[in-house]
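Just the structure for this:
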Amino acid sequence: METRDGGLYLGLISGTSADGIDAALVRFDGDHCTLVRGETCRWDATLRARLVALGQGGDATSLDELGELDVQVAQAFADAALHLIAAAKLAPADVRAIGSHGQTIRHRPAAKHRFTWQIGDGNVIAERTGIDTVADFRRRDVAAGGQGAPLVPAFHAALLHDADEPRAVLNLGGIANFTLLPTQGDVRGFDTGPANALMDAWCELHHGTPFDAHGAFAARGRIDEALLHSLLSDPWFTRPPPKSSGREQFHLDWVRTHMHGVQTPEDVQATLVELTARTVADALRAQQPETRRILVCGGGVHNPVLLARIAANLPGVHVESTAAHGLDPDFVEAMAFAWLARETLAGRPGNVPAVTGARGPRVLGVVYPR
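Numbers count the residues shown, from 1 in each chain. Model prediction:
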């Protein structure tokens with residue numbers, strides 16, 4: 001299905017942390033991409049709790065529950081899109097298409113029968129908004145032998161590559177992932193391990209707040225080297241790319257299996273920060289040691305303690321927000337799914353086989369006409 005490249009597209013994503021639905025209204029003019037407006041819509045607390053439980057390996061009570069959750073998530077995504085369009089003083093007819101990531105409830109790219117599952121029925125989104133919707137982006141890549149993630153590196157490469165400087169784009173979402181942008185050669189990308197999902201869950205458990213604002217909780221603690229060493233011993237960290245992960249791999253019960261003796265809550269939080277920083281640094285040294293600039297996006301960009309520990313583990317590497325390059329760090333991923341929707345409608349591949357391990361480039365997603 002061919003479509004012109006210009007116009008307004010809307011991207012929607014709720015990541016591993018499930019801390020909200022990020023919605024980005026994006027204007028494309030050829031290769032130029034502009035964020036018109038971005039909003040984050042909070043989940044209903046009861047629905048979020050159920051999604052988080054499912055995402056970290058919990059079982060649904062029935063097929064009926066899964067069916068209803070699929071519709072509830074889609075309704076929430078559609079409402080986020082309509083809210084953003086109204087806030088921008090536009091009408092649904094002004095938007096060419098929606099790209100919806102959905103909410104991951106299970107990611108098993110290494111299973112015998114490999115799969116990834118994002119709920120949020122595109123039929124409901126298209127019907128509720130009256131806008132062509134592209135959804136279910138990840139499963140085609142998995143069907144082609146890939147990890148289905150990360151999918152954002154193609155967008156990073158299109159907007160942030162520099163022919164004179166080897167760069168890395170670091171998304172600090174629920175899971176941390178890199179896009180490696182060498183001056184020449186293939187773009188690569190992979191998950192490095194846990195980021196906000198673990199830190200947020202530990203903070204919520206001990207403080208009742210959904211995240212550690214400015215890293216203040218972690219700043220009161222000290223790194224527990226024995227706990228850190230035990231966490232780092234997980235064989236997932238030494239697995240070579242391509243690789244991806246989620247809450248089903250890294251969750252609080254996983255942390256508890258490595259805890260011995262008595263640790264204060266703030267010491268565990270400081271250790272979880274260091275776990276993210278150390279695994280990020282180790283991955284970069286192993287995969288693109290010549291990197292001298294990291295561009296950071298995602299919720300972790302607002303945690304100065306985390307950014308400081310990443311910089312400390314990578315001396316000589318400049319760590320800065322994607323904002324310094326014209327991309328709002330809070331909406332880079334949502335913008336990417338607007339971009340992926342445009343690629344799908346134009347019949348262009350959206351995956352990067354060198355990143356996901358797929359057998360080749362694939363047009364991603366399913367189109368749900370308005």
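
Please count neighbours and contacts with C-alpha atoms only from this point.
Fine.

in the stretch 51-200 of the chain, which spans are strands?
Using DSSP state E, counting those that start in this stretch, the strands of the stretch 51-200 of the chain run over 95-100, 103-108, 115-119, 133-135, 167-172, 175-181, 188-194.

Quick one: the helices in this structure, in order.
45-55, 63-87, 122-129, 138-143, 153-160, 196-207, 216-219, 225-232, 252-257, 265-287, 304-313, 332-345, 353-356 (DSSP state H).

picking up where we left off before, weakest of the strands of the stretch 51-200 of the chain by average pLDDT?
Set side by side, these give their lowest mean pLDDT on strand 103-108, at a mean of 92.

What sits closest to Trp339 if chain neighbours are left out?
Spatial nearest neighbour of Trp339, excluding adjacent residues (C-alpha to C-alpha, 6 or more residues apart in numbering): Phe155 at 7.1 Å.

Next, count neighbours for the one you found.
Residues near Phe155, counting by other C-alpha atoms under 10 Å, number 21.

Check the one 4 residues further on too.
For Leu159, the number of neighbouring residues by other C-alpha under 10 Å comes to 15.

Can you give me the distance of it to Ala334?
Here the criterion is C-alpha to C-alpha, to the nearest Å. By it, Leu159 lies 14 Å from Ala334.

can you check Ala110 too?
Separation of Ala110 from Ala334 (C-alpha to C-alpha): 26 Å.

higher neighbour count, the two?
Ala334 (28 against 14).

Excluding chain neighbours, what is closest to that one?
Distances taken as C-alpha to C-alpha, 6+ apart put Gly11 closest to Ala334, at 4.7 Å, once the chain neighbours are dropped.

ok, the one you found - contacts?
22-26, 98-100, 334-339, 341 (C-alpha atoms under 8 Å, 6 or more residues apart in numbering).

Relative to Thr257, which of those is nearest.
Asp22 (32.7 Å; C-alpha to C-alpha).

List the beta-bridge partners for that closest one.
Ile13, Thr40 (DSSP bridges).

Tell me, how many residues neighbour it?
Count around Asp22 with other C-alpha under 10 Å applied: 26.

Could you do the one 10 residues further on as well?
Using other C-alpha under 10 Å, His32 has 10 neighbouring residues.

what's the spacing between it and Glu290?
Remark: distance between His32 and Glu290 (C-alpha to C-alpha) = 28 Å.

check contacts around Ala149.
If a contact means C-alpha under 8 Å, 6+ apart, then Ala149 has 138, 190, 243-244, 355-356 as its contacts.

List just the nearest of those to Arg285.
Arg285 has its nearest neighbour among the contacts of Ala149 in Phe190, at 13.7 Å by C-alpha to C-alpha.

how much space is there between the closest one and Ala219?
With C-alpha to C-alpha as the criterion, Phe190 and Ala219 are 28 Å apart.

try Ala270
7 Å.

higher neighbour count, the two?
Using other C-alpha under 10 Å, the more surrounded residue of Ala270 and Ala219 is Ala270, with 24 against 18.

what sits up against stretch 230-246?
Contacts of stretch 230-246 from elsewhere in the structure, counted by C-alpha under 8 Å, 6+ apart, are 16, 55-56, 106-107, 109, 147, 149-150, 174-175, 189-194, 255, 258, 275, 279, 354-357.

hang on, the earlier thing: could you point out which of the helices of the chain sits nearest Thr179?
Here helix 153-160 is closest among the helices of the chain (C-alpha to C-alpha), at 5.4 Å.

Show me what the closest one is packed up against.
Counting contacts by 3 or more C-alpha pairs under 8 Å, 6 or more residues apart in numbering; DSSP states H and E, helix 153-160 is packed against strand 175-181, helix 332-345.

one more time with 10 Å
strand 32-41, strand 167-172, strand 175-181, strand 188-194, helix 332-345, helix 353-356 (3 or more C-alpha pairs under 10 Å, 6 or more residues apart in numbering; DSSP states H and E).

angle of the third one against helix 153-160?
In terms of direction (axes from the mean of the first three to the mean of the last three C-alpha atoms, to 10 degrees), strand 175-181 departs from helix 153-160 by 50 degrees.
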